[in-house]
Every structure is written in structure tokens, then in C-alpha cells.
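> Dropping the sequence and predicted coords here.
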Amino acid sequence: MSDGMPDGQRDELNPIISIEGITKEFQLGDITVAALRGVDLQIFPGNFVSIMGPSGSGKSTLMNILGCLDTPTAGSYRLDGDDVAKMSERRLARVRSQKLGFVFQSFNLLARTTALANVELPLIYNGVPRRQRRERARHALEQVDLADRMDHKPNELSGGQQQRVAIARALVNDPAMILADEPTGNLDTETSTDIMNLFAELNERERITLVLVTHDPETSEYTRRTIHLRDGLVEDITNSPGYKAMANRAAVPEPDAAAVPETTPAA
Ligand SMILES: Nc1ncnc2c1ncn2[C@@H]1O[C@H](COP(=O)(O)OP(=O)(O)O)[C@@H](O)[C@H]1O
Ligand SMILES: [Mg+2]
């Protein structure tokens with residue numbers, strides 16, 4: 001299935017995610033629940049994609065498969081060219097920790113631990129030496145504008161700040177891709193806007209590939225492309241007409257904000 005990228009660009013790149021005919025069935029006693037019923041999808045480096053659909057449409061199931069946290073019943077998944085089904089548990093764990101960053105609705109931070117230590121955690125799992133850990137965690141917190149909150153514990157931070165720490169933690173390994181399941185689901189509208197602007201900025205500035213799940217059309221407008229899921233199938237793929245985040249940010253520093261066009265062409 002097409003990526004919605006300009007043709008010339010697509011030819012030069014290999015997809016980071018390529019799935020074909022993915023199905024997922026859950027067995028509940030005598031009942032088989034078909035959560036995914038044959039999904040094909042390609043996602044290319046540098047894209048910013050939302051997966052949208054009503055509750056129960058299979059968003060989290062798809063996300064768990066993309067994140068190598070769950071295996072499909074049938075179909076193939078190539079992550080950065082590698083067939084995931086052929087990877088050993090060890091290799092999968094390594095791929096998860098080195099190629100992927102995860103952001104969750106509920107932040108999932110360690111409560112008694114500072115922002116800096118939370119962000120350092122993935123580096124400890126990867127055996128990065130202490131000094132380098134500190135430096136990289138600091139840099140990641142700077143990337144999410146939390147340089148002044150490094151020594152705060154989660155309960156000393158707002159919801160939006162906690163999610164920023166979680167995003168820094170996802171960034172710190174320099175992953176090929178960040179996967180986020182309803183990252184603004186626990187945040188108010190204003191804070192959600194901040195977080196979506198941050199994601200858009202990371203996508204544009206750092207060229208980070210982002211895939212996020214949402215049931216909220218407003219949130220999906222910040223992404224470049226939306227995959228619409230329904231009943232376990234891709235119903236439609238749309239490109240965001242406004243690419244909202246760019247228009248918003250352009251309006252801030254520009255003295256002549258009225259001159260900023262509604263639709264800014266995607267980079
Ligand atoms: N572990 C599970 N066991 C049984 N059924 C499941 C499980 N996970 C998801 N499902 C079912 O699969 C379908 C898709 O679920 P999910 O991917 O969580 O949807 P969404 O994230 O879009 O709300 C739903 O019908 C759900 O009840
Ligand atoms: Mg879900």
C-alpha cells in the first residue's frame with residue numbers, strides 16, 4: 001500500500017515497516033476474535049503517521065505487532081528489512097531496545113526516580129557507560145525542553161511534562177522509529193497540542209519516524225498521514241491537508257501571522 005510520499009522520494013528509500021496480510025486472532029474460550037483481518041502497510045523513514053479508528057478497531061493490536069511486543073497469527077512483517085518472524089527472542093529484544101522507542105498513554109515512568117534517571121534507564125539496559133548515559137539523557141531532555149526539570153520526580157511534574165520525559169526516554173537510544181499508543185489520551189486539550197507540536201518538531205528537525213495511535217481526529221491532523229482502521233482492516237489512508245503543527249508554529253514567530261497560508265506544503 002502506498003505511503004503517500006512523492007514518488008521520487010519513495011523510490012530512494014526502503015520502508016522501515018513493511019507488513020503484508022497481517023492477521024491477529026485472539027481465542028477467548030470457544031470464541032475467536034479477529035482483531036486484524038489482513039493489513040498491508042508500508043511506512044517510510046522520516047514519516048509521521050497516525051493510526052486512527054474507533055475503539056476496538058485493532059489499533060493497539062497493530063501497534064503491539066509493529067513494536068514486536070506481540071506476534072501476528074499470519075502475514076509477514078519486515079522491520080528495517082529484517083523478517084521479524086525469523087528473529088530469535090534475543091535478537092527481538094535487541095531490536096526493541098535499539099531500533100524502537102515507545103511512548104504510552106499512561107507515561108509509565110518510575111515514580112521514585114528523577115526525570116534524568118528515568119531517561120537513562122534504556123541506556124543501562126544497553127550497557128552504555130555511566131558518563132555517556134548522563135550526557136545522552138541530558139541531551140534527550142533538552143530535546144523535549146525539560147533541561148530545567150532533570151532532577152524532578154514524576155509527581156513534581158505536570159502530566160504534559162511527564163509525557164515529555166517519556167518521549168525523552170524513547171529518544172535516548174536514537175531509535176529508528178518511535179511508536180506511541182494514545183500518547184495524548186490522558187492530557188487536556190492544551191497540553192495535547194504541546195505534545196503534538198513537539199512530535200511534529202522532532203519529526204521535522206531530527207527526521208525521526210513516528211507512528212502514533214489515536215482515536216481523536218484532531219490529534220491525527222498533526223501527522224502527515226493517517227491510516228484509518230475499521231474492524232481490523234485498513235479502510236483508507238489520507239494525507240493531512242493542513243499539516244496543522246507547521247501552520248501553528250509558523251504563526252508564532254511570524255509578525256505578519258495573517259500572511260501564513262492555511263496549508264503549508266509538507267517538507
Ligand atoms: N488480549 C486479547 N484477548 C482477546 N481479545 C482481544 C485482546 N486484545 C484485543 N482484543 C480484541 O481485539 C479487538 C481489537 O482490540 P484493540 O486492538 O485493543 O482495539 P483498539 O486499540 O482499536 O481499541 C477488540 O475486539 C478487542 O476486544
Ligand atoms: Mg487501544
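Perfect, I can see it now. Ligands and ions are numbered 1, 2, ... in the order given.
> C-alpha from now on. contacts and neighbour counts both.
OK.
> how about the nearest residue to Thr226, chain neighbours excluded?
Leaving aside its chain neighbours, Thr226 sits nearest to Ser50 (4.8 Å; criterion: Cα to Cα, 6 or more residues apart in numbering).
> Find the closest residue to ligand 1 in the stretch 151-267 of the chain.
Going by Cα to the nearest ligand atom, ligand 1 is nearest to Gly232 of the stretch 151-267 of the chain, at 7.1 Å.
> Roughly how far does the residue nearest to Thr226 sit from Glu190?
To Glu190, Ser50 is 19 Å away according to Cα to Cα, to the nearest Å.
> Please say which of the two ends up with more neighbours.
Using other Cα atoms under 10 Å as the criterion, Ser50 and Glu190 rank with Ser50 on top: 30 against 9.
> so that one makes contact with Pro217?
No. Using Cα atoms under 8 Å, Ser50 is not in contact with Pro217; the gap is 9.6 Å.
> Count the neighbours of Tyr125 for me.
10.
> Revised request: answer the last question for Glu206.
Neighbours of Glu206 using other Cα under 10 Å come to 11.
> Can you read off the pLDDT for it?
As predicted, Glu206 sits at a pLDDT of 89.
> and what of the one 3 residues further on?
In the predicted model, Thr209 carries a pLDDT score of 96.
> Pairing partners for the helix or strand where the residue nearest to Thr226 lies, with directions?
Per DSSP states H and E, Ser50 falls inside strand 48-52. Its sheet considered, strand 48-52 pairs with strand 209-214 (parallel), strand 225-230 (parallel) by DSSP bridges.
> just the strands in the stretch 51-200 of the chain please.
In the stretch 51-200 of the chain, the strands defined using DSSP state E, counting those that start in this stretch lie at 74-79, 82-83, 100-104, 177-181.
> out of these, nearest to Thr23?
Using Cα to Cα as the measure, strand 74-79 is the one of the strands of the stretch 51-200 of the chain that comes nearest Thr23, at 5.2 Å.
> on that earlier part again, let me see the contact set for the residue of the stretch 151-267 of the chain closest to ligand 1.
By Cα atoms under 8 Å, 6 or more residues apart in numbering, the contact set of Gly232 is Ala34, Ala35, Leu36, Arg37, Gly38, Val39, Ser57, Gly58.
> just those residues that are near ligand 1?
Ala35, Ser57, Gly58 (Cα under 6 Å from any ligand atom).
> Now intersect those residues with the helices, please.
Assignment to helices by DSSP state H places none of the ones next to ligand 1 among the contacts of Gly232 there.
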